[in-house]
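> sequence plus predicted model, see below.
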Amino acid sequence: MPRFAIMSSILLAMLGMSIRDVPAQTPGGSVAVRMATARDVAIFREFSAPATVVSLNDSHIAGELQSVIEDLPLQVGDPVNKGDVLARLDCRDFQWEVERVDAQSDGLKARLDLAQRQLNRADSLKGSSSMSEQDYDQRRAEVQALSSELRAAKAALKAARNVVSKCVVRAPFDGIVLERVAGLGELPMPGTPLLRLLDYRNLELSAQILAEDVAALPDDGVAQFELGQARLPVRLRRLVPVVNTVSGNQEARFSFTEARPPVGAAGRLIWRDPQPYIPAELVVRRQGKLGVFVNQGGLARFHPLNGAQEGHPAPFDLAADTPIVTDGRYLLEEGMSLH
């Protein structure tokens, strides 16, 4: 190989080019180049964060009464529908209270009927010598007092029946029994958990995202949950506006748009930065600035890229159909003809 060719090869190697990259120059400063649109050369950064499937309802179901457990019909793993019986408590004492208050109400109603009839007769005698004003007022007061007592007894009867209804503990949502906390014959205090019930239908994805990566979340909130070999589509529901001081993470909650994996499944949240980047190898330096050459009416125009760093992909704001010079860029100068 001639000495000149050898020296040229060395020089081009130092510039990061090969003989194949050298554009053929023609008279008049015209350079043969290859081009591609900004859409075709754009690359997008991909981010990931640890994520776990969580249930919106993971509840310890408790009784509201202090009473002996008579029945726990469900076992761990059994599915339940909203309203299904989870437990039955001994309700005899509370049922007897209903009967007592009910009987009291009947007695008050009978006394009130009698007092009302006496008041009606007193109305017909009012003003005569056989009915004094004091006797009349006394009978009217008796009717009012019995009416009040009867209303109170009816309210007490409703309350007693409401207590009886709590002797049967029902599922507040569709779910699955994860744990039997109590056992038959126990006497739990009000609020003591009886079973643990998990809602396996209303699920979300909880992701722990580095605070510095939050800004790269897509505007439309679309991302993917990578679980094994599968990628499930999810959409951002809420970014919790609190940064964990220990991990530096922010929690983001995503809704599943299609398939729902099992509760507790752990994987990674994957999303793509919506900001397009120019590959590092297409970026050149001119007059101390980094940028790319574009074809503008057949002429080379240098387009600086703000924020570009040597050897790194650079963000750009060019239109998607802008022709960018991909081959022959190293020998270009502003205003050269392209062909």
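Yep, it's here. Residues are numbered from 1 along each chain as shown.
> which parts of the chain are helices?
With helices called from DSSP state H, the chain shows them at 3-14, 38-41, 92-125, 133-165.
> of these, which is nearest residue 327?
Relative to residue 327, the nearest member of those by Cβ to Cβ is helix 38-41, separated by 11.7 Å. Yep, even glycine has a C-beta here, placed from its N, CA and C like the rest.
> which other residues reach that closest one?
276, 278-279, 282, 316, 318-322, 324, 326 (Cβ atoms under 8 Å, 6 or more residues apart in numbering).
> how far away is residue 108 from residue 149?
Distance from residue 108 to residue 149, counting by Cβ to Cβ, to the nearest Å: 5 Å.
> ok, now which ones touch residue 233?
By Cβ under 8 Å, 6+ apart, the residues touching residue 233 are 222-225, 256-258.
> pick out the residue nearest the middle of the protein.
Taking Cα atoms, centre = their mean as the criterion, residue 253 is the residue nearest the geometric centre of the chain, at 3.8 Å.
> mind listing what that one touches?
Applying Cβ under 8 Å, 6+ apart to residue 253 gives the contacts 204-207, 236-240.
> likewise residue 217?
Taking Cβ under 8 Å, 6+ apart, we find residue 217 in contact with 209, 223, 236, 239, 252, 271.
> nearest to residue 44, of those?
Nearest to residue 44 among the contacts of residue 217, counting by Cβ to Cβ, is residue 271 at 9.9 Å.
> who does the closest one bridge with?
residue 47 (DSSP bridges).
> tell me how far it lies from residue 47.
From residue 271 to residue 47 the distance is 6 Å (Cβ to Cβ).
> if you count what's nearby, which of these two comes out ahead?
Comparing residue 271 with residue 47 by neighbour count (other Cβ atoms under 10 Å), the higher total belongs to residue 271, at 25 against 19.
> just list the residues touching the more buried one, thanks.
46-48, 216-218, 222-224.
> break the protein down into its domains, please.
3-42+277-338, 44-85+172-274, 92-165 (automatic domain parsing).
> reformat those as a markdown table; add mean pLDDT.
A markdown table is the format used below for those (pLDDT from 0 to 100):
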| stretch | mean pLDDT |
| --- | --- |
| domain 3-42+277-338 | 78 |
| domain 44-85+172-274 | 94 |
| domain 92-165 | 90 |
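> count the residues that sit near residue 105.
Quick note: residue 105 (other Cβ under 10 Å) scores 19 neighbours.
> residue 258 against residue 230, yeah?
No. Between residue 258 and residue 230 there is no contact under Cβ atoms under 8 Å: 10.7 Å.
> of these two, who's got more company?
Each of residue 258 and residue 230 has its neighbours counted (other Cβ under 10 Å); residue 230 has more, 11 against 7.
> residues touching the more buried one, list them.
Neighbours of residue 230 in contact, by Cβ under 8 Å, 6+ apart: none.
> gap between it and residue 260?
12 Å.
> then residue 40?
Residue 40 sits 37 Å away from residue 260, going by Cβ to Cβ.
> would you list the contacts of residue 233 in CSV and tack on distance to residue 138?
Output for these, formatted as CSV (distance: Cβ to Cβ, whole Å):
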residue, distance to residue 138
222, 80
223, 80
224, 83
225, 79
256, 73
257, 75
258, 77
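> please list only the buried members of the residues you listed.
Buried members of the contacts of residue 233, scored by 16 or more other Cβ atoms under 10 Å, are 222-225, 256.
> strands - which of those residues land there?
Among the buried ones among the contacts of residue 233, the members falling in strands (DSSP state E) are 222-225, 256.
> follow-up on the earlier one: now do the shared contacts for residue 271 and residue 47.
residue 216.
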